[in-house]
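Undergrad: Fold the following.
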Amino acid sequence: MMVGSFSPRSRVGAVRPSHLMYTSGVGSLVDLPNFSVLVKGLDDWKHPIIPQGGVGEPPRHATFIAEPRLLAAVQALLSRTVQHLRPAPWLPDKDTYPQAELTGVPVVPFPGWMRCTACNLLARVDSRAFGFENDKPNKPHEARFFHQCGKGTKKRLAVGARFVLACTNGHLDDFPYLEFVHEGGPCPAAAKPNLLMEDRGGNLGANVRIGCQRCGAERNIRQAMGKRGRDRLPGCRGRHPHLGTFSACESRPYVLVVGASNQWFAQTLSALALPKGGAGELDTRVAQFWDNLQHVKAPDMLPFMRSMPPLSFEFEKWGDEELWAAIERRRGEEATGPEQGPEGYPDLLTPEWEIFSSAHLPPPSDDFTAYRDRDEPVPPLLKGYYSDVVHVERLREVRAMIGFTRLDAPDPEDPALVKRVPLARSRPTWVPASEVRGEGIFLRLPDDLLARWEAQVESSEAMRLHKEAYGRFREYRYSARTGQPFDQSTRYDYWPLPRYYVLHTLSHLLIRTIALECGYNSASLAERIYAGTENDRRSGILIYTAVPDAEGTLGGLVSLAQPDELIRLTRRALTGAMSCSSDPLCAERLPRTPEDFLHGAACHVCLFVSETTCERGNRFLDRRFVVPIGEPGLAIYPESP
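TA: Residues are numbered from 1 along each chain as shown. Below you'll find the model as predicted:
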């Protein structure tokens, strides 16, 4: 991460590439040892140029991530101007590439107010009150702001003032300390008075005094908290500090503490890289090497292009005529004017379900290798529990960031429910992305078993309470942000099918069993639930490794799909679900008016997993729908194998 312009001594810290997708992405606040910074928008990012590798080879940008299916989905949601998925700016070898010292993500100090830890002076970071030092090239994390407030030359550490403003439209701004102290008016004694911030501690929330040195006015930050304090704050200025823009906004901001977990939520899309044959595979390769191929102006240039790295061996399977047609297709796609996509998320799960549910799996490839047991895909003891078991020996998942939200997490099914903040001032030509290579297990439940179970629980009180809670959940989220009446016609939009509860709960039970018994950290696993829609019902679960910056687990997870291991895991998962140390509170839990939580018999002891593992934020879970607790008739599996 680099403050200001890309120059020596501008590096102030480091984060893992995966953090730039989920915890420290565009628009987020990153806590460094001595101050906090905000990651700037894509307009200010600079990807490194890799020097030529061979004679005649021009310098090129760092590698793009090729995944046409995901790129098309991003274009549908954002704009057709998006042409690339790019990893974080990074160069693999600092010794070989000296410019790697200047490679990073641009950031700016935020909040814009600093406080001296010695004298409590509160002033803007761009004032002349504070200095900045970053003198150790090998220790960028020791960069700091300082204040010379005493006698001599001793430099006292200055830290960021810890309060900011945020609104439900995604805006973020500095807390208006000057106006707050003087209750909206100017200081009567000076145009730019010095302020003091004194933290008095206490057990009843924030107890921070803000005082003016010139006129003596002072107020406690508590007066800006809560509903009454919020009504006294000035209106939102519509500021996007990561873009450097302001816009009209009618919302009232909330006071947040720097580091609050709700100041930033990533909005991402993910897709598995599925094998393609013929033109589909060729189009994928052309997209991957488009930086080189876009300069090919005529077919007679192809023989020369094939003789030069890095394309020497990439297109051997195709003739010049096929390759030129693919280049022209790609050029035609780029020439298409920008257009805005639909409001709903594109369907990325259907092609994956079609692959896994097919009777004939595709041939092995570098990105996807899957197989079934030749003799008997499902062990005899599990015939009534699963209808298919697929060993996914190799897979690649690509994730792209399309925006972020503040104060409220985005809904994975309804992109319009929460206001998405853009990543760039104009329509971006690329978005940040990452790829994960790993392995997994695909399990399919019998369709007739799920159909009988759905008919059995459709009119049950438990399922009715779950559906009503979902309606309240949507209403409360909408009303809390807009203050307007909720549209009752959309109350149950995007509610998952009852079978989703079964598939999702079983997935969590298996993940927790794998983590407890087989040594995998549950945070290194992820799930994809294939429940389908009302008109296209599905019944699949994919559990796979999802550790960024790693190349899978060398077959450790796939081995658990072997008959004996799968029987043991399933038996332990279902047996363990029968009881929870929080019972009877957990076993009896159901969401009732006015509650809006979206789980029943589920808690941190028995079902919840980490945020990175669950695709729905630990919602839509209930043990009573899988094993017999309370009402045996609600369980899809009355007995363990």
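Undergrad: Would you tell me which strand is longest in this structure?
TA: strand 388-405 (DSSP state E).
Undergrad: following that strand, which helix or strand shows up next?
TA: Using DSSP states H and E, the helix or strand that follows strand 388-405 towards the C-terminus is strand 430-444.
Undergrad: what's the model's confidence in that next one, averaged?
TA: Throughout strand 430-444, pLDDT has a mean value of 92.
Undergrad: Need the CA coordinates for it. CSV is fine.
TA: Listed next in CSV are the C-alpha coordinates belonging to strand 430-444 (Å, rounded to 0.1, in the frame of the first residue of the first chain):
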residue,chain,number,x,y,z
TRP,A,430,-11.4,-3.8,-15.2
VAL,A,431,-12.3,-5.0,-11.8
PRO,A,432,-10.2,-6.7,-9.0
ALA,A,433,-10.3,-10.4,-9.0
SER,A,434,-8.6,-13.4,-7.4
GLU,A,435,-8.4,-17.1,-8.1
VAL,A,436,-8.4,-20.1,-5.8
ARG,A,437,-7.2,-23.6,-6.8
GLY,A,438,-8.3,-26.5,-4.7
GLU,A,439,-10.4,-29.6,-4.6
GLY,A,440,-13.8,-30.7,-3.3
ILE,A,441,-16.6,-33.2,-2.8
PHE,A,442,-20.0,-32.9,-4.6
LEU,A,443,-23.0,-34.6,-3.0
ARG,A,444,-26.4,-35.0,-4.5
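Undergrad: Which strands and helices lie in contact with it?
TA: helix 19-22, strand 84-86, helix 350-357, strand 388-405, strand 537-545 (3 or more CB pairs under 8 Å, 6 or more residues apart in numbering; DSSP states H and E). The C-beta positions use only the backbone N, C-alpha and C, and glycine is treated the same way.
Undergrad: What is the subsequent helix or strand relative to that strand?
TA: Immediately after strand 430-444, counting by DSSP H and E, sits helix 447-457.
Undergrad: which parts of that next one are buried?
TA: 449-450, 453-454, 457 (16 or more other CB atoms under 10 Å).
Undergrad: right, and the helix or strand after that helix?
TA: helix 461-482.
Undergrad: and after that following helix, which helix or strand comes next?
TA: helix 498-518.
Undergrad: That next one relative to helix 447-457, how many degrees between them?
TA: Counting by axes from the mean of the first three to the mean of the last three CA atoms, to 10 degrees, helix 498-518 lies at 110 degrees to helix 447-457.
Undergrad: mind starting the numbering at 5 from now?
TA: Got it, the first residue is 5 from now on, which makes the last one we talked about helix 502-522.
Undergrad: Helix 502-522 - contacts with which helices or strands?
TA: helix 451-461, strand 529-536, strand 541-549, helix 567-580.
Undergrad: Show me the one of those that comes nearest residue 482.
TA: strand 529-536 (24.3 Å; CB to CB).
Undergrad: Okay, residue 499 and residue 82: tell me how far apart.
TA: Separation of residue 499 from residue 82 (CB to CB, to the nearest Å) stands at 26 Å.
Undergrad: before we move on, what about residue 373?
TA: Taken as CB to CB, the span from residue 373 to residue 82 is 32 Å.
Undergrad: Pick out whichever of the two has more residues nearby.
TA: Neighbour count, other CB atoms under 10 Å: between residue 373 and residue 82, residue 82 has more, with 22 against 18.
Undergrad: Can you verify my assumption that that one contacts residue 432?
TA: Yes. Using CB atoms under 8 Å, residue 82 is in contact with residue 432, at 7.0 Å.
Undergrad: all helices for the stretch 155-304 of the chain, in order.
TA: Under the criterion DSSP state H, counting those that start in this stretch, the stretch 155-304 of the chain contains helices at 181-185, 230-236, 283-292, 294-297.
Undergrad: Need those helices in JSON lines (columns: mean neighbour count and mean pLDDT).
TA: Below are the helices of the stretch 155-304 of the chain laid out as JSON lines (neighbours: other CB atoms under 10 Å; pLDDT from 0 to 100):
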{"stretch": "helix 181-185", "mean neighbour count": "19", "mean pLDDT": "91"}
{"stretch": "helix 230-236", "mean neighbour count": "11", "mean pLDDT": "84"}
{"stretch": "helix 283-292", "mean neighbour count": "18", "mean pLDDT": "68"}
{"stretch": "helix 294-297", "mean neighbour count": "18", "mean pLDDT": "76"}
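Undergrad: and the helix or strand where residue 333 lies, how far out from the chain's middle?
TA: Using DSSP H and E, residue 333 falls within helix 324-339. Remark: helix 324-339 is offset 33 Å from the chain centroid, using CA atoms, centre = their mean, to the nearest Å.
Undergrad: Any buried residues in that helix, and which?
TA: 327-331, 334.
Undergrad: now, which of those sits nearest residue 186?
TA: residue 334 (59.8 Å).
Undergrad: so what's the closest one up against?
TA: 287, 290-291, 294, 297-298 (CB atoms under 8 Å, 6 or more residues apart in numbering).
Undergrad: let's go with 6 Å and repeat that
TA: Taking CB atoms under 6 Å, 6 or more residues apart in numbering, we find residue 334 in contact with residue 290.
Undergrad: Kindly report the same for residue 567.
TA: residue 383.
Undergrad: and the closest residue to residue 623 other than its chain neighbours, how many neighbours?
TA: Spatially, and ignoring its direct neighbours in sequence, residue 623 is nearest to residue 602 (3.8 Å; CB to CB, 6 or more residues apart in numbering). By the measure other CB under 10 Å, the count of residues near residue 602 is 22.
Undergrad: Distance check, residue 602 against residue 541.
TA: In terms of CB to CB, residue 602 sits 21 Å off from residue 541.
Undergrad: Can you find the helix or strand in the protein with the smallest mean pLDDT?
TA: Lowest on mean pLDDT, DSSP states H and E among the helices and strands of the chain sits strand 64-65, with a mean of 50.
Undergrad: what's the offset of the following helix or strand past that strand from the middle of its chain?
TA: Helices and strands here follow DSSP H and E; after strand 64-65, the next one along the chain is helix 72-81. Helix 72-81 sits 16 Å away from the centroid of its parent chain (CA atoms, centre = their mean).
Undergrad: in helix 72-81, what's buried?
TA: 72-81.
Undergrad: ok, back up a step: how about JSON lines for the helices of the stretch 155-304 of the chain, with distance to residue 617 added?
TA: Rendered in JSON lines, the data for the helices of the stretch 155-304 of the chain read as follows (distance: least, CB to CB, whole Å):
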{"stretch": "helix 181-185", "distance to residue 617": "41"}
{"stretch": "helix 230-236", "distance to residue 617": "35"}
{"stretch": "helix 283-292", "distance to residue 617": "29"}
{"stretch": "helix 294-297", "distance to residue 617": "34"}
